[in-house]
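Trainee: next come a sequence and a model predicted from it.
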Amino acid sequence: MEVVIAADAHDIGRLAADRFAAVLTRRPAAVLGFATGSSPIAVYQSLAERVAAGELSFAATRGFALDEYVGIPAGDARSYAWFIRNRIEIPLGMPAGAVQVPDGTAADLERAALRFDRAIASAGGIDLQLLGVGVNGHIGFNEPGSSLGSRTRIKTLADQTRVDNARFFHSPADVPTRCLTQGLGTILEARAIVLVASGAAKAAAIAAVVEGPVTSMWPGSVLQHHPRATVIVDEAAASRLQLADYYRSAAS
Ligand code: GLP
């Protein structure tokens, strides 16, 4: 795993955006995997600036979201479909629907999950997948205990995750209890992965994901099996890494 320790969230955004730019240079019609949450916002801002400056175009790209709450319709500002439309498709100049989001309002959620995995496969797989990480080590919504080979499916959210995401809802009780999420096995099929994290609250998760044993108790640790996974963190998120000096010297 490649670990890059950046100065701050803005620097994380710039470095991760560089990875997107490199993929788009090679393949303008790339298939991209987008994450929601606060951590990737600086990445999308950096990408939007490059699009506005005419340096980068997402016009020919397609994409896939990682996850969606069950029961929150796409037009609702708390849905991940809303985030994808307003934080990614519009600022990056992608047509509506260019990024597919699991359908958390489907009558048959299991079929919707299966359909989502098939859509990724029919697109030829994901060239670059961006990830954040939960304080409990989840990626997507693969909570502790997730099968390391799991596919897109219905998951029950951990209490910790519902508390962490309550800031977007009136109260923790309003946070949905279930979601559809790409599985860990699905995520691992992306050809390259970039995980971003900032702040001290993520330090334990980053230490476990990067340097701990591969275990379903810290689902992101499965990325240690990926041949092209990069973790980009700020100093606070890197503060519990034993090999921080090594990562710094390897990057210089
Ligand atoms: C959310 C999302 C994840 C995200 C994580 C961290 O619940 N499902 O995809 O990476 O939790 O979110 P944040 O970046 O806001 O801390």
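Mentor: Cool, the structure landed. Numbers count the residues shown, from 1 in each chain.
Trainee: give me the residues contacting the helix or strand harbouring residue 245.
Mentor: Per DSSP states H and E, residue 245 falls inside helix 244-251. With contacts defined as CB atoms under 8 Å, 6 or more residues apart in numbering, helix 244-251 is touched by 3, 4, 5, 238, 241. Yep, even glycine has a C-beta here, placed from its N, CA and C like the rest.
Trainee: go on, stretch 140-160?
Mentor: So stretch 140-160 is contacted by 35, 66-67, 70, 102, 109-110, 113-114, 116-117, 131, 134-138, 161, 165, 175-187, 214, 216-219, 222 (CB under 8 Å, 6+ apart).
Trainee: return the subset of those residues lying in strands.
Mentor: Taking DSSP state E, the ones among those that sit in strands are 67, 131, 178, 179, 180, 181.
Trainee: nearest residue to the fourth one in space, please, no chain neighbours.
Mentor: Right, residue 179. Excluding its sequence neighbours, the residue lying closest to residue 179 (CB to CB, 6 or more residues apart in numbering) is residue 141, at 4.5 Å.
Trainee: show me what counts as buried in the helix holding residue 245.
Mentor: Using 16 or more other CB atoms under 10 Å as the test for burial, helix 244-251 gives 244, 247.
Trainee: what mean pLDDT does it get?
Mentor: Averaging pLDDT along helix 244-251 gives 95.
Trainee: for residue 178, give me its contacts.
Mentor: Residue 178 touches 69, 70, 71, 154, 155, 156, 157, counting by CB under 8 Å, 6+ apart.
Trainee: any idea how far residue 71 is from it?
Mentor: Using CB to CB, to the nearest Å, one gets 8 Å for the distance from residue 178 to residue 71.
Trainee: what does the chain put close to the ligand?
Mentor: For the chain, the residues in contact with the ligand (CB under 6 Å from any ligand atom) are 35-39, 66-67, 132-134, 140-141, 161, 165.
Trainee: among the residues you listed, name the ones in helices.
Mentor: residue 161 (DSSP state H).
Trainee: of the residues of the chain next to the ligand - the most surrounded one?
Mentor: The most crowded member of those, judged by other CB atoms under 10 Å, is residue 140 (31 neighbours).
Trainee: any idea of the pLDDT on that residue?
Mentor: On the pLDDT scale, residue 140 gets 98.
Trainee: my guess is residue 106 contacts residue 112. True?
Mentor: Yes: using CB atoms under 8 Å, residue 106 is in contact with residue 112, at 3.7 Å.
Trainee: re the thing from before, can you redo the contacts of helix 244-251 as TSV with neighbour count, secondary structure and pLDDT?
Mentor: Output for the contacts of helix 244-251, formatted as TSV (neighbours: other CB atoms under 10 Å; DSSP: H, G, I helix; E, B strand; the rest coil; pLDDT from 0 to 100):
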residue	neighbour count	secondary structure	pLDDT
3	22	strand	98
4	20	strand	98
5	20	strand	98
238	25	coil	98
241	19	coil	98
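Trainee: farthest pair in those residues?
Mentor: 4 and 241 (11.5 Å; CB to CB).
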